[in-house]
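**Q** Turn this into a model:
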Amino acid sequence: MNRKLMMAALACFLMQATTSQAQAIKSAPRPPAQAGIPAGESAAPDGYAPIPAWLGQTRAPRPAKTADYSVETVAEGLTGAFSFNLLPDGRMIAAERTGHIKLIGKDGKISEVEGLPANLWAKGQGLYEVRPDKDFAKNRTLYLAYTVLPDDANQEALPKTPGVVVVSSAKLSADDKRIEGVKILLNAEGTTGRVIQAPDGTLLVTSTVPTGYGINAGDWMQPQALDNNMGKVLRINADGSIPKDNPFVGRAGAHPEIYAIGFRDMQGVAIHPKTGKLWTTEHGPRGGDEINAVEKGKNYGFPVIGYGHDYTGKPINNDKTFQDGMEQPVYFWTPDIAPAGIAFYSGKLFPAWQGDLFVAELAGKTLVRLVLDGERVVAEERLLTDLNVRIRGVNEGADGALYVLTDGAGGKILRLVPKH
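**A** Residues are numbered from 1 along each chain as shown. Sure thing, here's the model as predicted:
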């Protein structure tokens, strides 16, 4: 290599190494990490059955129309994949929480994509999202959500100290072997996060409030406060700047990136194909898992209202499930199902599924089909019950098939097609 090429390569390396560190990462006040399960706490069902706000908000009946399907294995050998997304050419890209990006070819072959930032902290939470830009075929841009250690982390407390989720952009190299030019766009402050691109090109980011055993929801009101990003949906432009029409821009003491407030632990995101609205899944504590249709500037209630209990079994805010000025979930489950990825179906392979919302279910080990009438659920069906595996993600393919990601070591991507 001649001197000019060597200097150019060194400059590129230094730029990539520094862009991911360009923003100081600070953590907002948060509950202390828990070393284990405190005595008397549990996530086990306790018979709690809150009264819904309307008939069908929970425990909807089985649908009249169903579809027979066959299950094919597309790929296997993923480890702790948290999400997967489809690329324009039919390949898929997966984010493994252990800090690996995996590219899945049309033939099912899995390859590693290098170049993740050195400060990604897989021992805390890890990598959650690798989302292609809507113009990926032209610009090869990816958006990532992952955990880093805050600058003020107590190294002696590791690995108990929870990390901080950041959102970055990067480009996939021409040879598909690495990501390049990693640039931090947003410190989302929470412990878990997903990112999805809205039809207008902005990025919608979920940010989880620290949750779990030993944390009483009512003691930590960050989801209701505008001076932090935790328990929120956030909205930024693709370059990290703030959209001028965000609902809290210009309000004193409010973070301008906030789009909606009052959430706990969102793990699934989807854009409605007709309305363009963001829909999310949300883990409640002990019961109260939710589906929400998110609107700008709205308050979704947590922890003031909700349909779950704390892990102690005690009610959250005296079992309050309604308050003026706070939104109701589209649907909720008690006891827990642990909803993860979601996807709307608009393909032609399954006419009976047109317009339905599919929900990956971790605890219940099924794929949930929700039949919708506008933003109301009118029926619920459980699919893949015979597999007895945790379902982590779901997406519709360009071929009209439904693709499903299983959780844990030896994770698979499955393809659902009509049964002949």
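**Q** contacts, neighbours, all on C-alpha from now
**A** Fine.
**Q** ok, D336 to A44 distance?
**A** Noted for D336: a distance of 9 Å to A44, by C-alpha to C-alpha, to the nearest Å.
**Q** make that G364, sorry
**A** As for G364, its distance to A44 is 13 Å (criterion: C-alpha to C-alpha).
**Q** quick one: which of those two has more around it?
**A** Using other C-alpha atoms under 10 Å as the criterion, G364 and A44 rank with G364 on top: 18 against 12.
**Q** I'd like the distance between the more buried one and V330.
**A** G364 sits 20 Å away from V330, taking C-alpha to C-alpha as the criterion.
**Q** mind saving the C-alpha coords of stretch 219-235 as CSV?
**A** Provided in CSV are the C-alpha atoms of stretch 219-235 (Å, rounded to 0.1, in the frame of the first residue of the first chain):
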residue,chain,number,x,y,z
ASP,A,219,-41.5,5.4,43.1
TRP,A,220,-40.1,6.3,39.7
MET,A,221,-42.1,8.8,37.7
GLN,A,222,-39.7,9.4,34.8
PRO,A,223,-42.3,8.3,32.2
GLN,A,224,-44.5,11.2,33.3
ALA,A,225,-41.7,13.9,33.3
LEU,A,226,-40.5,15.9,30.4
ASP,A,227,-37.0,16.5,31.7
ASN,A,228,-35.8,13.0,30.7
ASN,A,229,-36.2,10.5,27.8
MET,A,230,-37.0,7.4,29.8
GLY,A,231,-40.5,5.8,29.3
LYS,A,232,-41.0,7.8,26.1
VAL,A,233,-41.3,7.6,22.4
LEU,A,234,-38.8,10.0,20.9
ARG,A,235,-38.6,11.5,17.4
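**Q** what separates it from the chain centre, distance-wise?
**A** Here the centre of stretch 219-235 is set off from its chain's centre by 16 Å, with C-alpha atoms, centre = their mean, to the nearest Å.
**Q** contact partners of that stretch?
**A** For stretch 219-235, contacts defined as C-alpha atoms under 8 Å, 6 or more residues apart in numbering pick out 28, 30-31, 188-190, 202-209, 242-243, 246, 253-255, 257-265, 299, 301-303.
**Q** got it, and stretch 42-58?
**A** 213, 285-287, 307, 311-313, 322, 328-336, 376-379.
**Q** repeat for stretch 118-132
**A** Under C-alpha under 8 Å, 6+ apart, the answer for stretch 118-132 is 82-87, 93-101, 140-149, 159-163, 191-196.
**Q** Sort out for me which of the residues you listed are in strands.
**A** Judged by DSSP state E, the contacts of stretch 118-132 include 82-86, 93-96, 100-101, 141-148, 195-196 as members of strands.
**Q** Tell me where the stretch 151-300 of the chain has strands.
**A** Using DSSP state E, counting those that start in this stretch, the strands found in the stretch 151-300 of the chain span residues 164-172, 179-187, 195-197, 203-207, 232-236, 258-261, 265-271, 278-283, 289-294.
**Q** Same list, those, but as TSV with distance to N119, mean neighbour count and mean pLDDT please.
**A** Putting the strands of the stretch 151-300 of the chain into TSV (distance: least, C-alpha to C-alpha, whole Å; neighbours: other C-alpha atoms under 10 Å; pLDDT from 0 to 100) gives the following:
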stretch	distance to N119	mean neighbour count	mean pLDDT
strand 164-172	11	25	97
strand 179-187	12	23	98
strand 195-197	19	24	98
strand 203-207	19	26	98
strand 232-236	23	28	98
strand 258-261	25	26	98
strand 265-271	23	25	97
strand 278-283	28	24	98
strand 289-294	32	24	98
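**Q** do you know which of these lies nearest L405?
**A** strand 265-271 (12.7 Å; C-alpha to C-alpha).
**Q** how much distance is there from the closest one to the middle of the chain?
**A** 4 Å.
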